[in-house]
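Asker: Give me the fold of what follows.
(one chain, ligands or ions: 2)
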Amino acid sequence: MMSELSIYIHWPYCLSKCPYCDFNSHVSNKKIDQEEFLDLIEKEIDYHGKYIDDKKISSIFFGGGTPSLMYPNIIERILTHLSARSNIANDTEITMEANPTSVESQKFRDYSNTGINRISIGVQSLNNNDLKNLGRTHTAEMAIEAIGIAQKYFKSVSIDLIYARPGQDETAWKLELERALSLQTQHLSLYQLTIEPKTMYEKLYKSGKIKLPDETLSNELYQITEEICDKFSLRKYEISNFSKRGFECKHNLNYWNCGEWIGIGPGAHSRVREEKKHRRSLVNEYDPYNWGKRIRKFGHSLIQNSILTDEQNQDEYIVMSMRTRDGLNINKYENLGGKLNKDNINLLISNGYLSKDKTEENIKVTRKGSLVCDSIISSLAD
Ligand SMILES: C[S@@+](CC[C@H](N)C(=O)[O-])C[C@H]1O[C@@H](n2cnc3c(N)ncnc32)[C@H](O)[C@@H]1O
Ligand code: SF4
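Answerer: Ligands and ions are numbered 1, 2, ... in the order given. Okay, here's the model as predicted:
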């Protein structure tokens, strides 16, 4: 049987930098040479040939930055290059992140012709004043129009919203979320606003110019989110991700299940299995200019290439799996050589923070537990 692999392709450019964002995204002062970018991506794919060749590709994800700035023919040629080495089938999930400006949504049809079959639109908010404060260059109306266009061409449409924004109360979020859900997308990623280091928002936050909801309100907003999504039949399958049945993001599930993937592009990471037990971690050069330079010089951009220790594999599995609906599989964790702290787990179960599934093979965080997920995670292992 062919083993399965996911592929992530990173496009590191945006038209403007949003003040809250710490992703590897840059505003270039000159026009991006997309032919050159394609050439570098192809070279990096070739370098990873031994991991990619003859694999069945379960998912491909074009992320960013703003990958919807890429010309459709560049996407098409990347997919052609990949399919010459591996098996991209009808059931391969191929996602692109897109910003909802009118220029980008006019390209949705062309993207669907390249083989992209899932689109993830960064709506962020349906409140125009808040969109302005988030530094977004689109309005709520443009976002709604983009969703409508996407629904014509893609069977699977997802939207991202950021909540727990400055000044947002329960009523405002409830109305906004219900409006978003009424647009009937198959998937929603709902993130609480996080103040990331070295962003403009961090400066504003530290100087008191923006205030976030306190912990009680944040928790309430989180509970409301789950309840309202439930009412619209969107099930939570990860802390921030909700979908209709069968529309969970395969690509992200593979990360959370500690599968295998190859990351192509500046700053992208890979995890590959070598022998039965060993997982290798690869990290690409972060800075887009140096990334290109390294590929030209060495044929690859790797700045880190190491085998994960048993402890790193165990930690990664706990952190990733406990965020998901199915939770942590006890056998899988023990096969990684890990030892769970059964006393702590039983106490967390009796206090309603954790639960076991019917087969008693998995432990997962309850709704009450998800409010303190990080501290639960840190107390599970011996
Ligand atoms: C790679 S980013 C952006 C994709 C696309 N360029 C866009 O802006 O729509 C993926 C998502 O992360 C979320 N995000 C980014 N920074 C965040 C922050 N500081 N707090 C919460 N969510 C954030 C946004 O919802 C964003 O759509
Ligand atoms: S949120 Fe999206 S558009 Fe804004 S800077 Fe980050 S990656 Fe670029």
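
Asker: residues contacting residue 325?
Answerer: By CB atoms under 8 Å, 6 or more residues apart in numbering, the contact list for residue 325 reads 235-238, 364. Quick note: C-beta positions are derived from backbone N, CA and C, even for glycine.

Asker: How about residue 86?
Answerer: Residues counted as contacts of residue 86 (CB under 8 Å, 6+ apart) are 5, 52-57.

Asker: just to revisit the earlier point, Throw together a PyMOL command that grabs the buried residues out of the contacts of residue 325.
Answerer: In PyMOL syntax, the buried subset of the contacts of residue 325 is picked out as below (16 or more other CB atoms under 10 Å):
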select buried, resi 236+237+238+364
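
Asker: Hmm, residue 93 and residue 251 touching each other?
Answerer: Yes. Between residue 251 and residue 93 there is a contact at 6.1 Å, judged by CB atoms under 8 Å.

Asker: which residues are in contact with both of those two?
Answerer: Residues touching both residue 251 and residue 93 by CB under 8 Å, 6+ apart: 58-60.

Asker: Can you tell me which of those has the most neighbours?
Answerer: Most neighbours among the shared contacts of residue 251 and residue 93, by other CB atoms under 10 Å: residue 60, with 29 neighbours.

Asker: Return the residues in contact with that residue.
Answerer: Neighbours of residue 60 in contact, by CB under 8 Å, 6+ apart: 6-9, 79, 82, 88, 92-95, 251.

Asker: And for the closest residue to ligand 1 within the stretch 1-150 of the chain, nearest residue in space, chain neighbours not counted?
Answerer: As assessed by CB to the nearest ligand atom, ligand 1 sits closest to residue 122 within the stretch 1-150 of the chain, at 1.5 Å. Spatial nearest neighbour of residue 122, excluding adjacent residues (CB to CB, 6 or more residues apart in numbering): residue 160 at 4.9 Å.

Asker: And for that neighbour, the neighbour number?
Answerer: Number of residues near residue 160 (other CB under 10 Å) recorded here: 16.

Asker: And residue 227, by the same measure?
Answerer: So residue 227, with other CB under 10 Å, has 12 neighbours.

Asker: Just after the host helix or strand of it, pick out the following helix or strand.
Answerer: Using DSSP states H and E, residue 227 falls within helix 215-231. Proceeding N to C from helix 215-231, the next assigned helix or strand is strand 235-238, under DSSP H and E.

Asker: Okay, the residue lying farthest from the centre of the chain and residue 368: tell me how far apart.
Answerer: Here the chain reaches farthest from its C-alpha mean at residue 343, the gap being 33.4 Å by CA atoms, centre = their mean. Distance of residue 343 to residue 368, computed by CB to CB, to the nearest Å: 20 Å.

Asker: remind me, longest strand of this structure?
Answerer: With secondary structure taken from DSSP state E, the chain has its longest strand at strand 87-98.

Asker: which residue sits closest to the residue of the stretch 201-350 of the chain found nearest ligand 1, ignoring its sequence neighbours?
Answerer: Closest approach between the stretch 201-350 of the chain and ligand 1, counting by CB to the nearest ligand atom: residue 201, at 6.8 Å. Of all residues not flanking residue 201 in the chain, residue 20 sits nearest, at 4.4 Å (CB to CB, 6+ apart).
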